[in-house]
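**Student:** model this:
(2 chains)
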Amino acid sequence: AQSVTQLGSHVSVSEGALVLLRCNYSSSVPPYLFWYVQYPNQGLQLLLKYTSAATLVKGINGFEAEFKKSETSFHLTKPSAHMSDAAEYFCAVTTLNSGNTPLVFGKGTRLSVIA
Amino acid sequence: EAGVTQFPSHSVIEKGQTVTLRCDPISGHDNLYWYRRVMGKEIKFLLHFVKESKQDESGMPNNRFLAERTGGTYSTLKVQPAELEDSGVYFCASSQERGRPQGSAAFFGQGTRLTVV
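**Tutor:** All right, here's what the predicted structure looks like:
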């Protein structure tokens, strides 16, 4: 079984500062990892995904995440926060398997950006 | 191209009543998923359709929940009778990719916020 732990239910950064949202996973088989973002009153939007190719994955809006197997981590970063980045972010995992296995999500991290 | 749409966006019902949530996936997407987020907790998988067939319904909480996808197009999720603990946000997602985990990286709707009072 897989699981995801997101450290920090709420993270606050200043505009222009580094964004770091932490995600650790547990999986008995090689994982596929995802980050989603939910802006207010909107659905979940895929930011980026790791699917066993490059370990450093670049996504939309300047976000990137690095898969570190030794640390079982997939932290999300952005060099410089913008006010529009304020949203809730979800890390999710699934596994290489036949069919379209469902996602297992973390509890989410709400990002606030302070002017 | 229209995204995944869900109706209604909000619903407030009394305990014991019936509510039906609807999801219209992206046209042509065979895979349709329902997820739920109870307040303060993680988003959890409910079930997965491939076309009109239930591929996996292991996440359905109990037999008060009934999902259908007639004709392999839109899907409904009925809760009957609703209980207080059913409150939460219900997400629908759809994808086209088959046989690969990337297919799980689906397109999500905006969710239906259900409040049972």
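**Student:** in what helix or strand does residue B:33 lie?
**Tutor:** Element membership of residue B:33, judged by DSSP states H and E, is strand B:31-37.
**Student:** residues in contact with stretch B:107-115?
**Tutor:** With C-beta atoms under 8 Å, 6 or more residues apart in numbering or on different chains as the contact definition, stretch B:107-115 has outside contacts at A:36, A:41-46, B:3-13, B:19, B:21, B:23, B:26, B:29, B:37, B:79, B:82, B:86-95. The C-beta positions use only the backbone N, C-alpha and C, and glycine is treated the same way.
**Student:** any of the residues you listed buried? List them.
**Tutor:** Taking 16 or more other C-beta atoms under 10 Å in any protein chain shown as the criterion, what is buried in these is A:36, A:43-46, B:4-6, B:11, B:13, B:19, B:21, B:23, B:26, B:29, B:37, B:79, B:82, B:86-95.
**Student:** up against chain B, what does chain A have?
**Tutor:** Residues of chain A found near chain B (C-beta under 8 Å from any C-beta of the partner chain) are A:4, A:32, A:34, A:36, A:41-46, A:49, A:51, A:90, A:92, A:94-108.
**Student:** filter the contacts of stretch B:107-115 down to just the ones in strands.
**Tutor:** Applying DSSP state E to the contacts of stretch B:107-115, the entries found in strands are A:36, A:44-46, B:5-7, B:10-13, B:19, B:21, B:23, B:37, B:79, B:88-95.
**Student:** so what sits opposite residue A:44 in the bridge?
**Tutor:** Each beta-bridge partner of residue A:44 is listed here, defined by DSSP bridges: residue A:38.
**Student:** next up, the contacts around it.
**Tutor:** Residues in contact with residue A:44 (C-beta under 8 Å, 6+ apart) are A:36-38, A:90, B:43, B:91, B:93, B:108.
**Student:** cool, residue B:90 as well?
**Tutor:** When contacts are counted by C-beta under 8 Å, 6+ apart, residue B:90 touches B:6, B:21, B:34-36, B:46, B:77, B:111-112, B:114.
**Student:** which strand residues bridge it?
**Tutor:** Beta bridges link residue B:90 to residue B:36, residue B:112, judged by DSSP bridges.
**Student:** ditto for residue A:12
**Tutor:** Taking DSSP bridges, one obtains residue A:112 as the residues bridged to residue A:12.
**Student:** repeat that for residue A:93.
**Tutor:** Counting by DSSP bridges, residue A:93 is bridged to residue A:33, residue A:104.
**Student:** tell me how many other residues crowd it.
**Tutor:** Neighbour count of residue A:93, defined by other C-beta atoms under 10 Å in any protein chain shown: 24.
**Student:** and residue B:33, how close does it get to residue A:44?
**Tutor:** Distance of residue B:33 to residue A:44, given as C-beta to C-beta, to the nearest Å: 11 Å.
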